[in-house]
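Colleague: Need the 3D shape of this:
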Amino acid sequence: MKRGALIALCTLFAGPVAAGGLMDRTVTFGALAYDDPDAPIYVGTRHPALVSDAIEYGLGPEGSQNGWDIVPAIIDIRDRQVIVTYPDTVEGVFPEPEFNGYVLDFLTECVLFNGAAQDLENSTVVLADDAIFVEGSKLYVDLAGQAFGPQTFVVVDVDVADCPLS
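Modeller: Numbers count the residues shown, from 1 in each chain. All right, here's what the predicted structure looks like:
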């Protein structure tokens, strides 16, 4: 009986739980377009969410900035994947500034990602080699020049480091 209580007490004082995936993490998501990162063409609203089994984001227009607005999209974040799809009502090609895409910021103090890459087997389009990149706890997905429509699936696999849940 005392041993069980000791294990429970040690677990209680162990601090934040380390996690090897994205599930249950807090994330903010938004669109970004720029030729010069210090002078963006478009900065979308940051949308907070908790990663769960549900779709995290259903984006719609947010209001024009420099003649730009959001392309409606559906973002589903899974434990080790981010899946971008588009509703039946939209079709086109993303304009081609230096960066035109999405930024997912997982609100943590540690380096969250060991890396990220497109899952070519489950995607319906092929992004440029440098279109997906990470910086600490931020994941960038550049869709500049990419065609999109209701049958478009962009699947990003993420290699998540052991990092405490925030």
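Colleague: Could you use CA atoms for every contact and neighbour count after this?
Modeller: Noted.
Colleague: Quick check: nearest residue in space to the residue nearest to the spatial centre of the chain, chain neighbours excluded?
Modeller: Against the mean C-alpha coordinate of the chain, by CA atoms, centre = their mean, the closest residue is residue 104 at 3.7 Å. Among residues not flanking residue 104 along the chain, residue 29 sits closest, at 4.6 Å (CA to CA, 6 or more residues apart in numbering).
Colleague: what about that neighbour, which helix or strand?
Modeller: strand 26-34 (DSSP states H and E).
Colleague: Please apply the same query to residue 158.
Modeller: strand 153-160.
Colleague: By average pLDDT, which secondary structure element in the chain comes out worst?
Modeller: Every helix and strand in the chain was compared by mean pLDDT, DSSP states H and E; the lowest is helix 2-12, with a mean of 35.
Colleague: What helices and strands are in contact with whatever helix or strand the residue nearest to the centre of the chain lives in?
Modeller: For residue 104, the host element (DSSP H and E) is strand 99-106. Here strand 99-106 is seen to pack against strand 26-34, strand 138-142 when contacts are counted using 3 or more CA pairs under 8 Å, 6 or more residues apart in numbering; DSSP states H and E.
Colleague: what does whichever helix or strand comes after the longest one rub up against?
Modeller: Right, strand 26-34. The helix or strand immediately downstream of strand 26-34 is strand 42-43, counting by DSSP H and E. With CA atoms under 8 Å, 6 or more residues apart in numbering as the test, strand 42-43 has contacts from 30-34, 65-66, 68-69.
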